[in-house]
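In: I'll drop the sequence and a predicted model, then ask my questions.
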Amino acid sequence: MKNIYIVGFMGTGKSLVGRLLAEQLGREFVEMDALIEKSQGKTILQIFAEEGEVYFRSLEQELLRKLALKADLVVSCGGGLVCDPANLTLLKNSGLLICLTASPEVIEQRTEKHICRPLLKVNNRLKTIKELLEKRKFCYEQAEHQVNTDGLKPEEVAVKIKKILDE
């Protein structure tokens with residue numbers, strides 16, 4: 001069976017929902033950011049600070065190439081992964097994309113205590129979130145399914161996705 005890729009902006013619940021969905025489906029769960037951190041021996045924040053975003057994106061693409069060769073995975077993808085056309089092609093050829101969405105205000109609230117978000121280490125976080133969402137809107141719209149997570153618990157989102165998969 002093809003992989004299920006959970007994509008979307010940071011703070012939409014990709015990791016929590018992905019883990020729950022994998023449990024429900026009896027599949028292996030993979031969190032790309034965690035694997036990158038483990039392989040590099042550094043946090044995403046450190047990788048961005050020391051090596052830059054371009055280097056981080058190359059690590060993402062390399063990992064995606066490996067994951068795309070496997071099957072039956074539920075994969076939580078980094079927020080910007082789908083913005084690279086080569087990545088998008090790999091994702092679509094090897095699995096189903098489910099994009100989790102949330103309003104900018106909910107994203108700001110969910111991420112406010114997370115110091116490990118390099119793109120949100122700015123003064124006006126809400127403005128940056130809105131700008132990044134607008135910039136990535138087209139990329140996220142490439143997913144086969146969109147699920148809004150505003151006001152929902154991760155368990156409820158996982159159930160919604162499972163219903164989509166069962167259809």
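Out: Sure thing, it's come through. Numbers count the residues shown, from 1 in each chain.
In: okay, CA-based contacts and neighbour counts for the rest of this
Out: Will do.
In: how about the strands of the protein, start to end?
Out: 3-8, 28-31, 73-76, 95-101, 145-148 (DSSP state E).
In: Alpha carbons only: can I get the last one in PDB?
Out: Provided in PDB are the C-alpha atoms of strand 145-148 (Å, rounded to 0.1, in the frame of the first residue of the first chain):
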ATOM      1  CA  HIS A 145      -7.200  16.100   0.700                       C
ATOM      2  CA  GLN A 146      -7.400  19.100   3.100                       C
ATOM      3  CA  VAL A 147      -8.400  18.700   6.700                       C
ATOM      4  CA  ASN A 148      -8.900  21.800   8.900                       C
END
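In: Direction included, what does it pair up with?
Out: strand 95-101 (parallel) (DSSP bridges).
In: now the angle between strand 3-8 and the strand it pairs with, please.
Out: 20 degrees (axes from the mean of the first three to the mean of the last three CA atoms, to 10 degrees).
In: and strand 95-101, average pLDDT?
Out: Strand 95-101 carries an average pLDDT of 97.
In: which residues touch that strand?
Out: Strand 95-101 is contacted from outside by 2-9, 12-14, 68, 91, 140-141, 143-150, 161, using CA atoms under 8 Å, 6 or more residues apart in numbering.
In: swap the cut-off to 7 Å and go again
Out: 2-9, 12, 14, 140, 143-149 (CA atoms under 7 Å, 6 or more residues apart in numbering).
In: Give me the below-cutoff pLDDT ranges for this protein.
Out: The chain contains residues with pLDDT under 70 at 113-123.
In: Repeat the analysis, applying 90 as the threshold.
Out: Where the chain drops to pLDDT under 90, the residues are 1, 10-11, 44-46, 48-49, 53, 78-80, 108-129, 132, 167.
In: For it, which segments are assigned as helices?
Out: 14-25, 32-40, 44-51, 53-67, 85-94, 104-111, 125-140, 154-166 (DSSP state H).
In: Okay, buried residues for the longest one please.
Out: Spelled out, that is helix 125-140. Across helix 125-140, burial judged by 16 or more other CA atoms under 10 Å covers 125, 126, 128, 129, 130, 132, 133, 136, 139, 140.
In: Excluding sequence neighbours, find me the nearest residue to residue 108.
Out: residue 126 (6.0 Å; CA to CA, 6 or more residues apart in numbering).
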